[in-house]
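*Asks:* I would like to see how this sequence folds:
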Amino acid sequence: MAWQDGQLRSLATVDEVRAAYASPGATVWVDVEDTDAATLGELASCFGLHPLIVEDILERNQRSKIERTGDVLHIVAFALAYDGELDHTEIDFVLGSRFLLTAHDRTWRPTEMTRVRRDAATYLAGGADFMLWALVDELVDSYFPVFDRVGDEIEQLQDDVIARPSRWVVERLFQTRRDLLTIRHAITPQREIFNQLTNREQPLIAPERLLYFRDVYDHLIRLTDELDSYRELVSTTLDAYLSTINNNLSDIMKRLTGVTVVLAGIGAAAGIFGMSEAGAAIADTELTGFWLITAGIVLGAAAAAWLLHRIGWI
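*Replies:* Numbering: from 1, shown residues only. Here you go, the predicted model:
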């Protein structure tokens with residue numbers, strides 16, 4: 001779309017983009033989704049983009065970064081979504097003095113953003129840098145629901161670790177740790193991006209827009225602080241899981257030891273007297289002696305079991 005002669009126009013083809021951009025007073029925003037090399041090459045020719053920018057967009061394996069090439073800023077950011085597992089999408093923003101190019105895949109669509117749907121004309125009329133702020137600000141705001149869901153997942157894992165520790169819980173813990181690492185790789189460099197946009201001279205960013213980008217930077221600082229807290233919580237939860245497993249193992253070992261004490265006592269008594277010699281142990285009263293020894297063994301085992309139960313071993 002383009003802001004030209006006080007009106008917002010929709011652009012459907014590269015030729016329309018080229019014609020609109022040829023007008024000195026026009027501001028153009030081009031959004032391409034899963035674009036091919038030919039189309040991107042035509043847009044690069046129209047806007048005068050460096051071939052390395054085109055290559056980076058096509059490869060789609062960049063980290064979050066900001067690069068200035070001539071009179072163009074190339075910003076790489078990520079959209080995040082979380083529904084049990086994390087999904088992240090690379091987004092390329094290319095900012096010129098009168099144009100903004102966004103490139104991404106089908107999982108993220110800026111045309112569905114609230115600001116774009118409601119008042120795209122206002123942002124384009126304010127310049128390409130204002131349109132860039134509208135997109136990245138809503139992009140960063142979309143991180144907060146993701147963080148809320150990750151936080152809820154961590155709280156649930158903490159409850160599960162105490163109530164029912166299992167292999168599934170530890171698998172979810174490690175998956176959450178991997179998700180947090182992915183979020184860190186996406187968000188932490190973005191903080192530096194907006195730090196540069198607000199603290200260094202950027203001729204493509206109007207001075208009155210610096211305050212807007214500073215607000216985005218503040219949001220990212222808050223998010224990185226929460227991210228550090230989540231990572232610490234996951235590590236603490238994993239330690240709690242290991243402690244719970246060790247405590248359960250200790251309880252099992254105590255119970256097995258208690259049972260061993262009872263059975264070993266019975267075995268020792270039976271070994272000393274012998275089942276066939278128990279009667280002879282008491283003055284030739286064979287039958288009476290057998291039952292006396294048997295009763296003594298049973299009573300001794302019962303006493304040992306009662307004592308071990310009292311101290312919590314069985």
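*Asks:* show the pLDDT at Asp284.
*Replies:* Note on Asp284: pLDDT of 55.
*Asks:* find the nearest non-adjacent residue to Ser166, please.
*Replies:* Asp160 (7.8 Å; C-beta to C-beta, 6 or more residues apart in numbering). Every C-beta, even on glycine, is put in place using the N, C-alpha and C of the backbone.
*Asks:* give the contact list for the one you found.
*Replies:* 166, 169, 172 (C-beta atoms under 8 Å, 6 or more residues apart in numbering).
*Asks:* cool, Asp137 as well?
*Replies:* Each residue near Asp137 by C-beta under 8 Å, 6+ apart is listed here: 115, 212, 215-216.
*Asks:* let's verify Glu192: helix, strand, or coil?
*Replies:* helix (DSSP: H, G, I helix; E, B strand; the rest coil).
*Asks:* pLDDT value on it, please?
*Replies:* Glu192 carries a pLDDT value of 87.
*Asks:* which one is it nearest to, not counting chain neighbours?
*Replies:* Once flanking residues are discounted, Glu192 sits nearest to Ile66: 7.8 Å by C-beta to C-beta, 6+ apart.
*Asks:* how about Asp83?
*Replies:* In this structure, Asp83 finds its nearest non-sequential neighbour in Arg149, 7.7 Å apart by C-beta to C-beta, 6+ apart.
*Asks:* so which strand or helix has the one you found?
*Replies:* According to DSSP states H and E, Arg149 maps onto helix 143-163.
*Asks:* and that helix, which residues are buried?
*Replies:* Across helix 143-163, burial judged by 16 or more other C-beta atoms under 10 Å covers 143, 146-147, 150, 153-154, 157-158, 160-161.
*Asks:* Asp87: which of these is nearest?
*Replies:* Nearest to Asp87, judged by C-beta to C-beta, of the buried residues of helix 143-163 is Val146 at 9.6 Å.
*Asks:* pLDDT at the closest one, what is it?
*Replies:* You'll see Val146 listed with a pLDDT of 91.
*Asks:* number of nearby residues for Asp239?
*Replies:* Residues lying near Asp239 (other C-beta atoms under 10 Å) number 11.
*Asks:* do you know how far it is from Gln158?
*Replies:* Taking C-beta to C-beta, to the nearest Å as the measure, Asp239 falls 11 Å from Gln158.
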